[in-house]
Each structure stands twice: as structure tokens, then as C-alpha cells.
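Chemist: Build me a structure from this.
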Amino acid sequence: MQNAPANPVKSIWSSAENTMSPFGFFSHEVTREGSSDTLYSNGSSKSSTPSIEQVPVPFNAHGNGDGLSNGKSIWNPITCDLDFLNMSPTMMPLSAEPILDPYGDASMLRNTSMDHQLMGDDDLSYGRNGRLLPAAQEKNTAANLFFLVDKIVRTNDQPASLLLQQKLKTGNAEVKAMIFDAILGQALSLMKNRFGNFLMQRALEFGTPQQVRILGQTMRGNVLNLACDRFGCHVVQKALDTVEEDLKASLISELFRCIRETITHRFACHVWQRIFQIKWSAEPPAVMHYLDSSLKGQWHTIANDENGSLVVQCIFENCSQKEKGPILCEVLARTVEVARGQWGNWVIQHILEHGAPVDKNYVMKVLIQNFYPMAIDQYASKVVEKGLKLAPKREMYEMIETVLTPSVRDGRPAILEMMNNQFANYVVQHILSLADPLQKDMCIRLLLPHISTLRNSKYGQRVAAIVEKHLRNSHHKYGVTATGLLPSMPIGLGTAHALGLRG
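Modeler: Numbers count the residues shown, from 1 in each chain. Now for the predicted structure:
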């Protein structure tokens, strides 16, 4: 018969359960207090497992049963604060204290310092009731509403913001008035808060006309500061949509002090865009007069700015021809310079798409005169592509003719310089797709001798693919290659007149 091991094994069970092994292996004795040999020890003098006798028990929830109140059982009840026992049934804590693990590291046990690290000083300043679920704070009392508003400002509490927004949307007039009183005292702080700004927007959206006006008046003197704030700029935009027109004009006038700084500001530029989108029922304020007086001679620089280009495009879309005329003149006078900008090229494209016919025609003439230098530019090439797509037949023919005619410098057509260019190859692809049949065949004749170079070029592969596709289609349609379709003669403006392609 096998004897029990010489060294007794310490049980993880209480002393009341020593008479029977829960796993049915063999009987054992519980070591005396201070013994270091445990079920998981390696015989060393110091064990990483804390002694079971040292595990604290907060209170005895099971009475004075044998073996259950001596602190040796691992099945201890969940500990919680005494505040929990005094709570009403609707007040549920977010989390109770965890079960103490006798096999874990003692440093991992929850303590006061851990509470401060996890919750932060702001959360602890509200006490234990600060961790209640939103359901516990749904009572529409002034104290609860002020508490929620204060929590949004101090701790960026998103659930509290969402709860108040829902109350503003669905609550009755009395509830809305109580919420309005709660937010009015901290209106500016809420406007610049990550989640509070949404609450202020809902207050402007669902408040009574009198409440909306009061909130708008609290912004007076602070519009510039709010417009340049990441979150405050959204509240200013909502206010411009909801407040009365006399108050709108008053708020807008505060931005006139720093027009140059705000019109290109990352956040304030969106406020300017909303200003230009306002539909005034009465006489609108002379916004464009102040802007043009402050920025005269600088509009081409504004158009080339990342944020300023958005404002300029918004002006072109929403202002009258008389108001935007001076700005258009400055931008069009520097079309090539603006088109070469990373952000300015979008302004020129906007004119090509939505501008007046006279403005479009002016841009087309600039493209014809500067087709090749703009086609090889990283950003101006996008304007050239847009011009080819939107140009009338006459202007398109003139633009394509400029790259097919031999240059004065070396006698080579510009299209041969463009076919391998990093940016101009896209323009060549558009030419091959949009040109009339006569000009397209002329392009093929010029590109065909260089087809092998195009195939091996990183930027010319797509041009080569279009040329080869054209050759295949010509062979199927006519039974000859594309080079046999046209007589071997140069095609210039005189030939175009003779063929009736130009007026």
C-alpha cells in the first residue's frame, strides 16, 4: 500500500474540510501556521503564494458557520462599500470590488492608490456616487442636472452629455428649461468642451427663441476665441443657423478684427464658409466689403492656402457676381501661379466647372498659351486635364494642336516630351481619349516610332497600351495599320482650315 508523502501538502480548503480530500487522492494534514510548503511551492523558504490565513475578509455574510468565518475559505463574498447598502434600488454601482485571489500577487490586490490611478482625481472628487450608472441620475431634478453639467465640464463625461441631449430632444418644456438653467452658467466652457459642444448645439437647436437668443448673447465678445477653437467653431456655426439676423450680424462683426488670421485658420475657416452660406431675408451685412478691403492684393495667396482655398471656392459658389468680381479678377490674373499650387489648382478647376462663361473662356485661353509647361507640372497638370474634359470643340482642338506642332527650339512636337513625363503622361492619355479622329491619328503617328520606349517606361506604359489598342481597332476596322490611314503630311492650322475643322 502506498504511503502518503513525507512532507505534508497544504490544503487550499478550510480546516473544516480537512477530513476529506475534495479530489479523492489521499488524506493530508494542514500545516501549522508559518509553514511555507504549499501545493504550489518548490520547497524554498519563500513562497510566491500568500498564506491563506493572511487573506482579509471584509465581513461575514454567511453567519457564524463552522469553517466559514475563520478566513481560510477562498469563497469569500464580494466586498463593497457601506454606501451600497444605503442606496435606493435604482442606484447600481458600475463595478464592485473583485474577489481576492489567494494565488495572485499581493501587489495586484485593489487598493486606494489603484483607485486613484484608474479613476483619476476628478472622478474621486464626486465620491462613490460619482460612479453610478446614468439610470441613477435620470431624475429630472435641478441638482441632478447641475451635477451632470458639471461632470461634463470637469471630466469630459460623454454619457452625461448624451443623456442631456436626449432630454432636450424628447423632454417637455419644464425639463428643457431646467437643463437650460443648468448649462447657462457654464455655457462658454461647454462650448469648448469635447462633448459639451454637442450639448450646446442641441440647446440652440431645440431651445425656445428666447433661450436661443440668450445663448447667442453669451457668445458676444467671445466669437473670435470660439471660432478658433476645435470644438467651439461648431457651436458658432450652429448659432449662425439659429439666432436672429440682428444677432448674427453682431456675432459676425467680431471676426472683422482678425480677417487675415481667421480666414486661413484651421477651424475658423469653416465659420467663414458658414457665413457665406447664410441666406439673409433682410439687407445682409457688407461682409465682402470688409474682406476685400482687408485682403486686397492677397487673394491669390489665400487661394493657394490649404484652408483659404476652401473659403475662396465657397465665395465663388454663394456670392453674387458683383461681390466676388474683385476676387475673381485677382485670381484669374495669376491663373498659372494659382494652378501650380497644391491647393490653388482646385480653385481654378472650380472656375472651369462652375464659373461664368467669360471666366471659363479666360482660363481656356491661358491653358492654350501655357499648355506644355502646365502639363508637366504636378498640380497644374490636373487643371489641364480638367480643361480638356470641359473644353468646347474649338478650344480643345487648339490645346491639342499646341503639342502636335513642332517646337521652335528643337523641332520636336511637345507630345514626345510629355509621353514619358511623370505628370504629363496623364494629359497624353486624355488627349488620345478625347481628341477628334484626325488629331488622334496624328498623335498615333508621332508616338508609334517610340512604342518600345513607352513599353519599358514606368510612366509611358499606359500611353503605349492606348496606342496598341488603337492599332488593333484600326486593323479590324480598315484592314490596315493606323500609319496607313493618313497621308504623310504635317497637320497644322492651315490643314485644319482646309478640312473644315476650324471656323
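
Chemist: Would you agree Ile252 is in contact with Ile275?
Modeler: Yes - at 5.7 Å, Ile252 counts as touching Ile275 under the criterion of Cβ atoms under 8 Å. To be clear about C-beta, it is placed using only N, CA and C from the backbone, and glycine gets the same treatment.

Chemist: Give the residues shared as contacts by those two.
Modeler: Listed as contacting both Ile252 and Ile275 by Cβ atoms under 8 Å, 6 or more residues apart in numbering are 240, 287.

Chemist: which residue ranges form the helices in the stretch 401-503 of the chain?
Modeler: 414-418, 424-434, 437-447, 451-455, 461-478, 493-499 (DSSP state H, counting those that start in this stretch).

Chemist: Which elements pack onto the second one?
Modeler: The elements that helix 424-434 packs onto, with contact taken as 3 or more Cβ pairs under 8 Å, 6 or more residues apart in numbering; DSSP states H and E, are helix 371-375, helix 380-390, helix 393-404, helix 414-418, helix 437-447, helix 461-478.

Chemist: Compare the ones you listed and give me the one nearest Gly355.
Modeler: Among these, helix 380-390 comes nearest to Gly355, with 10.3 Å by Cβ to Cβ.

Chemist: ok, and what's touching that closest one?
Modeler: In contact with helix 380-390 (Cβ under 8 Å, 6+ apart) are residues 336, 339-340, 345, 348-349, 352-353, 360, 363-364, 367, 371, 373-375, 395-396, 399, 423-424, 426-427, 430-431, 434.

Chemist: got the angle for it vs helix 424-434?
Modeler: Here the directions of helix 380-390 and helix 424-434 differ by 0 degrees (axes from the mean of the first three to the mean of the last three Cα atoms, to 10 degrees).

Chemist: Report the spatially closest residue to Gln217, excluding sequence-adjacent ones.
Modeler: Using Cβ to Cβ, 6 or more residues apart in numbering and skipping residues adjacent in sequence, the residue nearest Gln217 is Leu247, 7.1 Å away.

Chemist: Using the three-state scheme, assign that neighbour.
Modeler: On the three-state scheme (DSSP: H, G, I helix; E, B strand; the rest coil), Leu247 is labelled helix.

Chemist: Based on its surroundings, how many neighbours for it?
Modeler: Neighbours of Leu247 under the rule other Cβ atoms under 10 Å: 18.

Chemist: for Met191, same thing?
Modeler: Neighbour tally, Met191, other Cβ under 10 Å: 28.

Chemist: any idea how far it is from Ala380?
Modeler: Plainly put, Met191 is 42 Å away from Ala380 if you go by Cβ to Cβ, to the nearest Å.

Chemist: my guess is His265 meets Asn307, correct?
Modeler: Yes - His265 lies in contact with Asn307 (Cβ under 8 Å); the separation is 6.6 Å.

Chemist: of all the helices and strands packed on helix 424-434, which lies closest to Cys228?
Modeler: So among those, helix 380-390 is nearest, using Cβ to Cβ, at 31.2 Å.

Chemist: low pLDDT regions in the stretch 101-250 of the chain?
Modeler: 101-140 (pLDDT under 70).

Chemist: now the helices for it?
Modeler: 112-124, 142-155, 158-170, 173-184, 187-191, 196-206, 209-218, 223-227, 232-242, 245-253.

Chemist: Can you add distance to Gln321 and give the ones you listed back as JSON lines?
Modeler: Output for the helices of the stretch 101-250 of the chain, formatted as JSON lines (distance: least, Cβ to Cβ, whole Å):
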{"stretch": "helix 112-124", "distance to Gln321": "55"}
{"stretch": "helix 142-155", "distance to Gln321": "46"}
{"stretch": "helix 158-170", "distance to Gln321": "42"}
{"stretch": "helix 173-184", "distance to Gln321": "43"}
{"stretch": "helix 187-191", "distance to Gln321": "36"}
{"stretch": "helix 196-206", "distance to Gln321": "33"}
{"stretch": "helix 209-218", "distance to Gln321": "32"}
{"stretch": "helix 223-227", "distance to Gln321": "28"}
{"stretch": "helix 232-242", "distance to Gln321": "24"}
{"stretch": "helix 245-253", "distance to Gln321": "22"}
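
Chemist: Go through the ones you listed and name the closest to Asn473.
Modeler: Closest among the helices of the stretch 101-250 of the chain, using Cβ to Cβ: helix 232-242, at 53.7 Å.

Chemist: now the angle from the closest one to helix 196-206?
Modeler: Using the same axes, to 10 degrees: helix 232-242 against helix 196-206 is 0 degrees.

Chemist: Not counting its own residues, what contacts helix 232-242?
Modeler: So helix 232-242 is contacted by 191-192, 197, 200-201, 204-205, 212, 215-216, 219, 223, 225-227, 248, 251-252, 267-268, 270-271, 274-275, 278 (Cβ under 8 Å, 6+ apart).

Chemist: Over to stretch 464-472?
Modeler: In contact with stretch 464-472 (Cβ under 8 Å, 6+ apart) are residues 429, 432-433, 440, 444, 447-448, 451, 454-455, 457, 481-482.

Chemist: Give the buried residues for that stretch.
Modeler: By 16 or more other Cβ atoms under 10 Å, the buried positions in stretch 464-472 come out as 464, 466-467, 470-471.

Chemist: Out of those residues, which comes closest to Asp157?
Modeler: Closest to Asp157, out of all of these and judged by Cβ to Cβ, is Ile466, at 59.6 Å.

Chemist: and the closest one, how far is that from Leu438?
Modeler: Taken as Cβ to Cβ, the span from Ile466 to Leu438 is 17 Å.

Chemist: What of Leu226?
Modeler: 61 Å.

Chemist: Dump the helices and strands packed on helix 424-434 to JSON lines, plus distance to Thr242 and mean pLDDT.
Modeler: Listed next are those as JSON lines, based on distance: least, Cβ to Cβ, whole Å; pLDDT from 0 to 100:
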{"stretch": "helix 371-375", "distance to Thr242": "45", "mean pLDDT": "96"}
{"stretch": "helix 380-390", "distance to Thr242": "38", "mean pLDDT": "96"}
{"stretch": "helix 393-404", "distance to Thr242": "46", "mean pLDDT": "94"}
{"stretch": "helix 414-418", "distance to Thr242": "53", "mean pLDDT": "93"}
{"stretch": "helix 437-447", "distance to Thr242": "56", "mean pLDDT": "91"}
{"stretch": "helix 461-478", "distance to Thr242": "52", "mean pLDDT": "79"}
